[in-house]
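In: With the sequence up front, the predicted model follows.
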Amino acid sequence: MWARLVRSNTNKQSSGRTGHALYALQHMQRTWISETPTMTGKNVIVKGWVRTVRVMGDKLAFIDLRDASGVLQVVCYKPDLSGEIAALVGEIKTEYVLEIEGEIKTRGAKQVRADQPTGTIELAAKRVVILNRCEPLPFEIDKDTSGINEELRLKHRYLDLRSDRLYRNLTVRNTFIQNCRQFLLGNRFTEIETPYLTKATPEGSRDFIVPSRLQPGKFFALPQSPQQYKQLLMVAGVERYFQTARCFRDEDPRADRGFEHTQIDIEMSFVEREDVMHMVELMITHTVESMGYTIKQKPFPRVTYQESMAKYGADKFDLRTEEDKQKGVLAYAWVVDFPFFEKTEEGGWTFTHNPFSQPKPEFLEDHLAGRNIEHILTTQYDLVCNGYESGGGSIRAHDPAVLGATYKTMGYTQEEVKESVGHMLEAFKYGAPPHGGIGLGIERNIMNLTGESYLREVQAFPMTGSGHTAVMDAPSVLSEKSLKEANILVRKPEEN
Ligand code: ASP
């Protein structure tokens, strides 16, 4: 846990916790550990968890106490304590929850650890209260937990999150989101939430569905992204929208993909492709540079899809050298000029990225006429970083004729178009402004910032690889009563 503090005091992470005077709630009479180095000679009450306890002979015990702000060395010297309290100290074990009152003292010269935030001081305990006990832990949390069985870690995720690495991942994520939010709010964006219970979306993945109790036989879908709502907000005249949006996709979980992920979701009116890319570039630069990271190349290089496929055999790539990798450098690049459509297995056409996109201007005529389909390029731009796709967006079709043509090319009948995106075509009739946007996957960005290879390491409560939730073990069987209420009759997989 020392390592946590050492790291948070160097670069790579805005601590947000050290260096600030933290608001102390008066009635709690509690001092944050990060504040103790400036409190020599003062009487303080600290509260937290026992990181380690070392008993030295029968007079002296050292406790490393951890709270959310840091770790503090506490010295329990038996002659300074009442008999009752001294007896209590003998009982203390790892991860017990304690309240300790005492005086902050300067450490003897030999005990000073200048590289640690609280390394010059210690707390001489006068009063110790056990607020709660802790059973022996199912796995060790004072080391990196990545080698421990995944199911066990996720079953006790609240313990895993106490470990240095995962706690740091949570704080890096928090800082990344707050920096983006601060940038966007400073640039006239409005943060707006959109519904989770919504309609099945044609966005390329399988939907999670929710039965309607009040309308038997009907289902909501959880959004794969707020794509349509954010576009409707543009029709509403919001002009600059964002939210940190949860996206739900019923896909097989992979290292960098889960059922749920969060996006910094952005949409802007009266913009062209370059405007959105430029704004995102400024936001990412502001965000990661203020966290102490180095960006390999600015402005971010732009690579066409064709060049990327020819050079890297894929539409994402890693521009870092070995040395960049060692130094934690971030190599961003834009990929542009993707084909709008690709062939389906049945020989028809489907969209490659986003059906709501606008084709590039020089292909508009062909798009409207349903001609030269394989040559039509879309205004899609993907942000690539260190080998991952860390975001993607496009300029949208705001003219109903263009969106209608996209669906026609994909073989939808007029009825099917109406059923699928009729509400968008209707909205676009009422003065829809030209607009475009992007969704930045928070997990993929945090994986790059922290060097993690698995999405679950940067989410607080992720799923297991087999699709069960952490701690609560969902999905689970519903009672007959609940099934009836939701108007559901369960079929066995073999009946399908
Ligand atoms: N809706 C897109 C996605 O979730 C992002 C965007 O085009 O804004 O990937």
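Out: Yep, that arrived.
In: Count the neighbours of the residue in the stretch 201-350 of the chain that the ligand sits nearest to for me.
Out: Closest residue of the stretch 201-350 of the chain to the ligand, Cβ to the nearest ligand atom: Ser225 (3.2 Å). Just so you know, the C-beta spots here come from the backbone N, C-alpha and C atoms, and that holds for glycine as well. Ser225: 22 surrounding residues under other Cβ atoms under 10 Å.
In: pretty sure it is in a helix, no?
Out: No - note on Ser225: no helix contains this position according to DSSP: H, G, I helix; E, B strand; the rest coil, which reports coil.
In: Can you name the residues that contact it?
Out: Ser225 makes contact with Thr201, Glu203, Ala245, Cys247, Gln263, Asp265, Gly439, according to Cβ atoms under 8 Å, 6 or more residues apart in numbering.
In: Flag whichever of the residues you listed scores worst on pLDDT.
Out: Least confident entry in the contacts of Ser225, by pLDDT: Glu203, with 68.
In: what residues does the stretch 201-350 of the chain put near the ligand?
Out: Ser225, Gln227 (Cβ under 6 Å from any ligand atom).
In: How many residues are close by Lys311?
Out: 10.
In: that's a strand at it, yeah?
Out: No - assigned with three-state DSSP, Lys311 falls outside any strand and is helix.
In: now the helix or strand hosting Val280: how far from the chain's centre is it?
Out: Using DSSP states H and E, Val280 falls within helix 273-289. Put simply, helix 273-289 sits 18 Å off its chain's centre (Cα atoms, centre = their mean, to the nearest Å).
In: Would you mind identifying the next helix or strand past it?
Out: Assignment by DSSP H and E places the next element after helix 273-289 at strand 302-304.
In: What lies in contact with that following strand?
Out: With contact meaning Cβ under 8 Å, 6+ apart, strand 302-304 is reached by Met277, Lys311, Phe317, Ala333, Trp334, Val335, Val336, Asp337.
In: could you give me the average pLDDT of the longest strand along the chain?
Out: Criterion DSSP state E: the longest strand present in the chain is strand 43-56. Mean pLDDT, strand 43-56: 96.
In: Which neighbouring elements make contact with that strand?
Out: strand 60-67, strand 70-77, strand 97-106, strand 121-132 (3 or more Cβ pairs under 8 Å, 6 or more residues apart in numbering; DSSP states H and E).
In: Just grab the bridge partners of the residue in the stretch 301-450 of the chain positioned nearest to the ligand for me.
Out: Across the stretch 301-450 of the chain, the shortest distance to the ligand (Cβ to the nearest ligand atom) belongs to Gly439, at 3.1 Å. Taking DSSP bridges as the rule, Gly439 bridges to Asp265, Gly392.
In: quick check: mean pLDDT across stretch 414-424?
Out: pLDDT averaged over stretch 414-424 gives 94.
In: Show me the contact partners of it.
Out: Pro202, Gln228, Gln231, Leu232, Pro355, Phe356, Leu403, Gly404, Tyr407, Lys408, Tyr412, Leu425.
In: Just put these in TSV and tack on distance to Val50, neighbour count and secondary structure.
Out: Listed next are these as TSV, based on distance: Cβ to Cβ, whole Å; neighbours: other Cβ atoms under 10 Å; DSSP: H, G, I helix; E, B strand; the rest coil:
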residue	distance to Val50	neighbour count	secondary structure
Pro202	54	19	coil
Gln228	51	20	helix
Gln231	52	24	helix
Leu232	53	19	helix
Pro355	55	26	coil
Phe356	54	25	coil
Leu403	60	23	helix
Gly404	65	19	helix
Tyr407	62	20	helix
Lys408	67	16	helix
Tyr412	63	18	coil
Leu425	62	18	helix
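In: ok, so of the residues you listed, who is nearest Glu91?
Out: Gln228 (59.0 Å; Cβ to Cβ).
In: From Phe428, how far off is that closest one?
Out: 11 Å (Cβ to Cβ, to the nearest Å).
In: Need the residues touching each of these two.
Out: If you check Gln228 and Phe428 against Cβ under 8 Å, 6+ apart, no residue is contacted by both.
In: Can you find the helix or strand in the chain with the smallest mean pLDDT?
Out: None of the helices or strands of the chain scores lower by mean pLDDT, DSSP states H and E than helix 2-9, at a mean of 33.
In: List the residues that contact Glu122.
Out: Taking Cβ under 8 Å, 6+ apart, one finds Leu72, Gln73, Val74, Val75, Ile104, Lys105, Arg107, Gln111 in contact with Glu122.
In: thought the second one was touching Asp64?
Out: If I follow you right, that is Gln73. Yes - between Gln73 and Asp64 a contact is recorded at 5.9 Å, counting by Cβ atoms under 8 Å.
In: ok, and the closest non-adjacent residue to Thr406?
Out: Pro355 (5.5 Å; Cβ to Cβ, 6 or more residues apart in numbering).
In: related to what we said a few turns ago, could I have the helix holding Val280 exported to CSV, CA atoms only?
Out: Coordinates of each C-alpha in helix 273-289 appear next as CSV, following Å, rounded to 0.1, in the frame of the first residue of the first chain:
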residue,chain,number,x,y,z
ARG,A,273,-15.7,15.5,-39.4
GLU,A,274,-12.5,17.6,-38.7
ASP,A,275,-14.3,19.7,-36.1
VAL,A,276,-15.3,16.6,-34.0
MET,A,277,-11.9,15.0,-34.4
HIS,A,278,-10.2,18.3,-33.3
MET,A,279,-12.4,18.7,-30.3
VAL,A,280,-11.8,15.1,-29.2
GLU,A,281,-8.1,15.5,-29.7
LEU,A,282,-8.1,18.6,-27.5
MET,A,283,-10.1,16.9,-24.8
ILE,A,284,-7.9,13.8,-24.7
THR,A,285,-4.8,15.9,-24.7
HIS,A,286,-6.0,18.0,-21.8
THR,A,287,-7.2,14.9,-19.9
VAL,A,288,-4.2,12.7,-20.2
GLU,A,289,-1.4,15.3,-20.1
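In: contact partners of that helix?
Out: 176, 179-180, 183-184, 187, 266, 268, 271, 295, 298-300, 302, 330, 332, 334, 336, 379, 381, 383, 391, 393-395, 436-438, 440, 449.
In: Could you show which parts of the stretch 351-496 of the chain are in contact with the ligand?
Out: Residues of the stretch 351-496 of the chain lying near the ligand (Cβ under 6 Å from any ligand atom): Asn354, Gly392, Gly393, Ser394, Gly437, Ile438, Gly439.
In: quick one: the spatially closest residue to the fifth one that is not a sequence neighbour from Leu184, how far?
Out: Distances taken as Cβ to Cβ, 6+ apart put Glu267 closest to Gly437, at 3.4 Å, once the chain neighbours are dropped. When Cβ to Cβ is the yardstick, Glu267 and Leu184 sit 11 Å from each other.
In: which residues do the two both contact?
Out: Arg240, Phe242.
In: Bridged to Trp349, which residues?
Out: In beta-bridge terms (that is, DSSP bridges), Trp349 pairs with Lys343.
In: Most neighbours out of the contacts of Ser225, which is it?
Out: Going by other Cβ under 10 Å, Asp265 tops the contacts of Ser225 with 25 neighbours.
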